[in-house]
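S.K.: Predicted model and sequence below, questions to follow.
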Amino acid sequence: MTRPLIIGLTGSIGMGKSTVAAMFQRLGVPVFDADAEVRAMQGPGGALLGAIEREFPGSTGAQGVDREKLGAMVFDDKEALARLEAIVHPAVAARRQAFLIEHSGAPMAVFDIPLLFEKGGDRQVDKVVVVSAPAEVQRARVLARPGMTPEKFARILALQVPDAEKRARADHVIDTGGALEETGRAVADLVSRLAAAH
């Protein structure tokens with residue numbers, strides 16, 4: 001079976017990864033959004049609610065997973081987090097497999113995975129594209145989010161592979177520090193180059 005060229009798209013918080021994923025999509029490249037899949041499976045009527053409730057009683061309700069309650073149950077508890085990941089990761093992998101089958105005829109497909117390097121996902125893709133922006137741009141974007149504090153931002157950054165290391169390990173870097181049009185041109189240029197090489 002032929003399969004698309006798999007592009008792993010990643011980037012630290014506030015780097016513009018969602019914006020770049022949307023640009024790939026507008027260019028006709030199918031995008032698998034791991035976070036969106038997790039949200040759907042943990043939302044109202046989601047496929048993972050039963051398993052999560054059994055493992056973490058009181059963490060779900062009519063609206064799906066109560067992210068604050070579940071977060072409090074696994075935060076700073078590596079063993080609890082591992083139990084949660086053992087529920088979520090196989091389900092996401094199954095959805096990703098179904099996505100690949102559905103788009104097997106496409107020349108390329110994007111896996112939008114925030115923790116690509118952190119979880120070893122870079123070994124499962126053909127090319128890694130890192131979305132990056134200068135640190136001050138990133139900080140301004142993140143601190144503008146509702147409920148975000150400098151402390152929370154620092155904690156999130158501490159869990160992520162540093163931007164400089166991501167850039168060094170990437171096959172391609174998309175800089176989102178400038179105007180949206182520039183980023184759009186960079187994505188379109190990359191898609192043409194990858195299509196020509198594949």
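M.R.: Now that the structure is in, tell me what you want to look at.
S.K.: Please name the residues that touch residue 138.
M.R.: When contacts are counted by CB atoms under 8 Å, 6 or more residues apart in numbering, residue 138 touches 12, 13, 14, 15, 163. From N, CA and C alone the C-beta is placed, and that goes for glycine too.
S.K.: Show me which of those residues are buried.
M.R.: 12, 13, 14, 15, 163 (16 or more other CB atoms under 10 Å).
S.K.: Surely the third one and residue 148 touch.
M.R.: No: using CB atoms under 8 Å as the test, residue 14 is too far from residue 148 to be in contact (9.2 Å).
S.K.: intersection of neighbour lists for the two?
M.R.: residue 142.
S.K.: could you point out the longest helix in this structure?
M.R.: Counting residues, the longest helix in the chain under DSSP state H turns out to be helix 78-102.
S.K.: burial of residue 52, as a residue count?
M.R.: 22 (other CB atoms under 10 Å).
S.K.: how about it, what does it touch?
M.R.: Contacts of residue 52 (CB under 8 Å, 6+ apart): 42, 59, 60, 65, 70, 84, 87.
S.K.: Which ones among these map onto strands?
M.R.: 60, 65 (DSSP state E).
S.K.: will you turn the contacts of residue 52 into a markdown table that also has pLDDT and neighbour count?
M.R.: A markdown table is the format used below for the contacts of residue 52 (pLDDT from 0 to 100; neighbours: other CB atoms under 10 Å):
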| residue | pLDDT | neighbour count |
| --- | --- | --- |
| 42 | 96 | 22 |
| 59 | 94 | 21 |
| 60 | 94 | 22 |
| 65 | 95 | 24 |
| 70 | 94 | 20 |
| 84 | 95 | 21 |
| 87 | 96 | 17 |
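S.K.: now, which of the contacts of residue 52 sits nearest residue 176?
M.R.: residue 42 (28.0 Å; CB to CB).
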